[in-house]
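Visitor: sequence unknown, structure follows:
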């Protein structure tokens, strides 16, 4: 056989024997192919077949020699488009080979070696645009930190300095007694630093600064989350319930000792049988006419208080929610201060405490159950801001409806639904800091012949983490807004703010769940080791979606409040208003729903604030209106409202979700607009755009269903999401560094490679 | 004031004072309204205003009296459409009131009390269709269990009886030493029962039954998952690596002792710096010409073996993957058996073991790190099935390419990628059993005046759990298929089966992650308590998405294998084939993409197998073809293939996802078609339809983008998903009971209320 003819087959031989993907089946079809080539003599065919005999594979040096020859060919023919070009060069332009282009192409196709891809494996590249991407900070992180911390920078700094002390080294014992004790000691230190009583009146030793209190919760959450919850139970739930539901006499009696942690206590509302439907609790507080006392009683085992923080170990008293009974008549849920243990920790007579035992997370918090067997308390220990029993033994309240009084009482406790999402936000920031810093350093795979590449350079890794980083920034500004609304609330705004807090609590805690899940997976095996802290972050925050109100239930409350607003504004419309409304709708259709807009893939348009705002608002409004219409139709059709709400429950969640998405975007946009520093503004603008577009992408099904966008536009958005992730990647590490989480808190070894 | 006129306002007074939603703002506008009514005298206005004075709220008995009067009205006027109708009745048809319909309607609108909904609160309903829904089994669960267990019913029964013994009571100690020891003892019992060596040749004491081995893994997974992984490391990874990569001499020397757990061992592949890119490991096995030994060495700390199960505590030997070096030349990754500890547990000289310490889950498994400091092993301890060093000290292998040899070696270990998803499937079944049985019993909220309702009657709760139940059934049949393909494999099918296993491993473990997350949340606070086992199920399976191949990386392998297949079949097309292809595409467009089809919302069509199959196949094909086109375009445009694959990485995951969705559906459909029992067939048909439709719903964005469905159709599908959930709910408990998980394994108190 002519050596030049034989050489034409070298690439095929090499690839068949070396490639990871080719199988015996391919070898067989290669053999069959050669058998069928009439332009080859029998002798030539045999010689070729000898090289693809499964029982006599080429030797290693033989393979290397082939490879060298092929690479030599490529060096001389860099413009080669496919294997056949190389074959021709190797055959020294043998005309027999050139004439067989069709046959060779067929063979290559059969072996899956057609096109330029097959030859790319011979090119020693070593570098590529994927591999050269790396961290380059485009802005001043300190300036961004300043913007994030805002007015509360001082208190944040103080808390950070406290939790960075050596005595705050993480507890690694898996013994829950040890862990609970450590958390209690930490709380004591914080109390001594006057951080626990920050929100209480100055008259009782407090700081009278609720804004700082929230900032403390948020900053503590860079550290152990059991500490945060224990802290929140003691100073928030227990202390604030006394403050909000009690009166002066209670403040005098308790607040100072609560703030100093001299008097550890609980917030005993939830019962085994009543969690979400807390209005249905069954514990009773019965008024005794003879001596003016109350008897607190648990009527049956499933009416015991459950999951009560601070109960299993440390609590000495509790705010207990119970139905007030006077002369056999039920006056609805009211609050009482009830002793649990004496100063030495001995349980009070009539009180039985259980231990919730080991939990998925938060094992530094001593959750327990409490049963009351006719425990008698003095009359003054009814928390009497909203209801009381007068000297004649009659019920008195400025709010006659039991329901309404109960919700008013709950309303005063809305602070918890601000503290929890702010804590979840910090946990998300910690998780992202760990995962992004690791992804920037961890290298795996790389171009042929080049070094391995940071995994954060891979598109999927970017897609997994960077939109979540954008969302975290959005939520930061959203929660700032919520806090500010709460701080400057008027009575008339309270219901709106309660719905806002319920919604943000759900939105942010669900996001934290997803963010921490993604961070765990993005860190692979390292993310599974407890030392890298994603374990604790994920498992501790896991219950955030349930406590302080189950998210699914809260989102329905949000939706109901939105529907009530909608119904009022809509049914309020007089004929002039109606005309305006119709005009508004028409304008939207003309401006936003015409083919020019629904197919607009212009990058400037897709990145534009107004487009984002319109799209979010449109979704919010249409979903709300259609849920309202649906409910009306169901009720008009004869369903009672309980059934109707159940039928539409799925839509109710959409109503709340769309409302919160819009709020988050709005706050993010406003915050970015207010930034003066160029560098910071530029990078946050990209993050804001990414947040907007990735939310739209997530809801593209809805936008397409509504005809608000066409496929060409949703596809363009997907591309832009990719592009923004790619661009932001170089700033991803600085963006998590701007959270300024103390190293001793972040702690994960993989964040410090 | 005429009493009748006054009475007309009773509903408004009552609702303003009692309603949870009305605020001070409404009170104010009510006052304003009355001030503006000229048809009322000043005296009348004053009397009315007195009843809405915030500082003198009505007494409780007053409120109750109002309520009674209104209810009386409703009883006499059941056809009342709104508050005004009641007002008229209460006013004894006072003509002054009747004349003011417009004014009253305006007031009601302003207060958000318009329409029938406002009066529904006075109707004492007590029952509703939501509240009467409950469990009614429509089929014979034992028959379904029989279908699920199939050929392996006997071994499943045996394993269940073993793990139900008292000595398998769950270990609750949080001390990992105690836990690890307990898990080791359990493994010993299983070994004594001849369950560990089930897959080994009979000649070495085994059962030679790989099908039963998988069934053992799956059934054990109803119990502690640390046990499953420890079992899998010992008998699967360690034993099977000897079996698959070694030869007769190794079987003789090791297999019996491995099967009896006399010789605990490890599978030491992963290194700190190389996990996913395992081809890049840096441990060396250097051949020593002088005495024919190998020296195993860890060149630097990050080349240590990491996460190695059985290493930290019990392992005495390990299959170590290392680059074979002969005369300074690297011959790629090979496997060696290396001693770690002597019989007494003392670490061998040159071996340094670290402990991975506490992990998110699987704390009964002793994962550790291993460093080798020039450990010398005899020549015979190279596992030499695929490569060896001959007497002359030369490398020999039937597979000359290092790459290909390595992937062939890995291919023999594909069993792990079958065992792991089958274990994840069992964990999902456990989680769903707990959550669904709890949801069936747990009551919360209810219709006005009625008892509370099982939470599984709520639409959202159904939507959260029941589609996941359907998916779990789909995956059961999908994994049966994978197992059967593996058991009956031919050499030519191996690559397809490897891709199939990689894909199913990812699909099922990701699903398990989502299922267990949802189960946790669906069980609320109870789901957070470790006693209810979702903690362990979620945290133990958390790493399933990472080990045995990171899911994101595996899905790319699947996609690459699909692309290779596609390229071959597509480029293979001769002109006749091309014509057929074009015809096929045209037929799809005519049959499936015409307006009759894309807008078809006929229920029979939407529930039809063929519609589902077509939709899944269409998605699979189009995504695959467009990814191929995209990659070609990128490479033709000058990108090297590494960059091109990175740019298209997102689409690669879609390719794999769509392929696996289609496979799962296909297997589910086939399995249901084969069922003879009417009752079982009927309920599984619904589950199958729900699986199909909820997957389509999840991908509706894509279908809309492609014009395969129009909005009217995707909306109809959403409704049908709701409806199917509602229908299946009554059978949900029997459907999890059919998994037949032993009570002692399920164990969660909330599953046995």
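Guide: Perfect, I can see it now. Values in this document were obtained by computation on a predicted structure and should not be read as measured data.

Visitor: which residues touch the residue nearest to residue A:433 when sequence neighbours are not counted?
Guide: Of all residues not flanking residue A:433 in the chain, residue A:736 sits nearest, at 4.2 Å (Cβ to Cβ, 6 or more residues apart in numbering or on different chains). C-beta here means a position set from N, CA and C on the backbone, and glycine is covered the same way. Residue A:736 sits next to A:429, A:432, A:433, A:436, A:437, A:469 when contact means Cβ atoms under 8 Å, 6 or more residues apart in numbering or on different chains.

Visitor: same thing with residue A:429?
Guide: A:222, A:472, A:736, A:739, A:741.

Visitor: where's it, which helix or strand?
Guide: helix A:416-441 (DSSP states H and E).

Visitor: that older thread, for the residue nearest to residue A:433, give its distance to residue A:137.
Guide: 11 Å (Cβ to Cβ, to the nearest Å).

Visitor: rewinding a little: which of the contacts of residue A:429 sit farthest apart?
Guide: A:222 and A:472 (13.6 Å; Cβ to Cβ).

Visitor: Low-confidence bits of the stretch 1-150 of chain A, can you list those?
Guide: A:1-2, A:18-24, A:117, A:120-127 (pLDDT under 70).

Visitor: measure stretch A:513-531 end to end?
Guide: For stretch A:513-531, the first-to-last residue distance is 19 Å (Cα to Cα, to the nearest Å).

Visitor: Mean confidence (pLDDT) on that stretch, please.
Guide: What stretch A:513-531 shows for mean pLDDT is 98.

Visitor: swap in stretch A:439-459?
Guide: Rounded mean pLDDT across stretch A:439-459 is 92.

Visitor: now stretch A:543-557
Guide: pLDDT averaged over stretch A:543-557 gives 97.

Visitor: distance between the ends of it?
Guide: Termini of stretch A:543-557 sit 19 Å apart (Cα to Cα).

Visitor: From what I see, residue A:697 and residue A:717 are in contact.
Guide: Yes: at 5.5 Å, residue A:697 and residue A:717 qualify as touching, with contact defined as Cβ atoms under 8 Å.

Visitor: More neighbours: the two, which one.
Guide: residue A:717 (21 against 17; other Cβ atoms under 10 Å in any protein chain shown).

Visitor: Look at the more buried one and give its secondary structure.
Guide: Here residue A:717 is recorded as helix under DSSP: H, G, I helix; E, B strand; the rest coil.

Visitor: pretty sure it is in contact with residue A:695, am I right?
Guide: No: using Cβ under 8 Å, residue A:717 makes no contact with residue A:695, being 10.3 Å away.

Visitor: burial of residue A:366, as a residue count?
Guide: Neighbour count for residue A:366, taken as other Cβ under 10 Å: 29.

Visitor: ok, which stretches of the stretch 1-150 of chain A are helices?
Guide: A:3-7, A:10-18, A:24-35, A:42-50, A:60-76, A:83-90, A:95-99, A:101-110, A:116-120, A:129-132, A:141-149 (DSSP state H, counting those that start in this stretch).

Visitor: do you know which of those helices lies nearest residue B:132?
Guide: Closest among the helices of the stretch 1-150 of chain A, using Cβ to Cβ: helix A:141-149, at 52.5 Å.

Visitor: Would you quantify the distance from the residue positioned nearest the centre of chain A to residue A:87?
Guide: In chain A, the residue lying closest to the centroid (Cα atoms, centre = their mean) is residue A:511, at 2.0 Å. Distance check for residue A:511 against residue A:87: by Cβ to Cβ, it reads 56 Å.

Visitor: Kindly report the same for residue A:162.
Guide: If you measure residue A:162 against residue A:87 using Cβ to Cβ, the figure is 73 Å.

Visitor: And residue A:543, by the same measure?
Guide: From residue A:543 to residue A:87 the distance is 65 Å (Cβ to Cβ).

Visitor: Same question for residue A:244.
Guide: Counting by Cβ to Cβ - residue A:244 and residue A:87 are separated by 84 Å.

Visitor: These two: who's more crowded?
Guide: Between residue A:244 and residue A:87, counted using other Cβ under 10 Å, the more crowded position is residue A:87 (27 against 19).

Visitor: Does that one touch residue A:5 like I think?
Guide: No: proximity of residue A:87 to residue A:5 does not meet the contact threshold set by Cβ under 8 Å, at 9.8 Å.

Visitor: List the residues that contact the closest residue to residue A:59 other than its chain neighbours.
Guide: Nearest non-adjacent residue to residue A:59, counting by Cβ to Cβ, 6+ apart: residue B:400, 6.6 Å away. Residue B:400 sits next to A:17, A:18, A:57, A:58, A:59, A:60, A:62, A:63 when contact means Cβ under 8 Å, 6+ apart.

Visitor: count of residues packed around the closest residue to residue A:7 other than its chain neighbours?
Guide: The spatially closest residue to residue A:7, leaving aside those adjacent along the chain, is residue A:90, at 4.2 Å (Cβ to Cβ, 6+ apart). Neighbours of residue A:90 under the rule other Cβ under 10 Å: 24.

Visitor: try the one 5 residues further on
Guide: Other residues near residue A:95 come to 9 when the count uses other Cβ under 10 Å.

Visitor: do the one 10 residues further on as well
Guide: The local packing of residue A:105 (other Cβ under 10 Å) involves 16 other residues.
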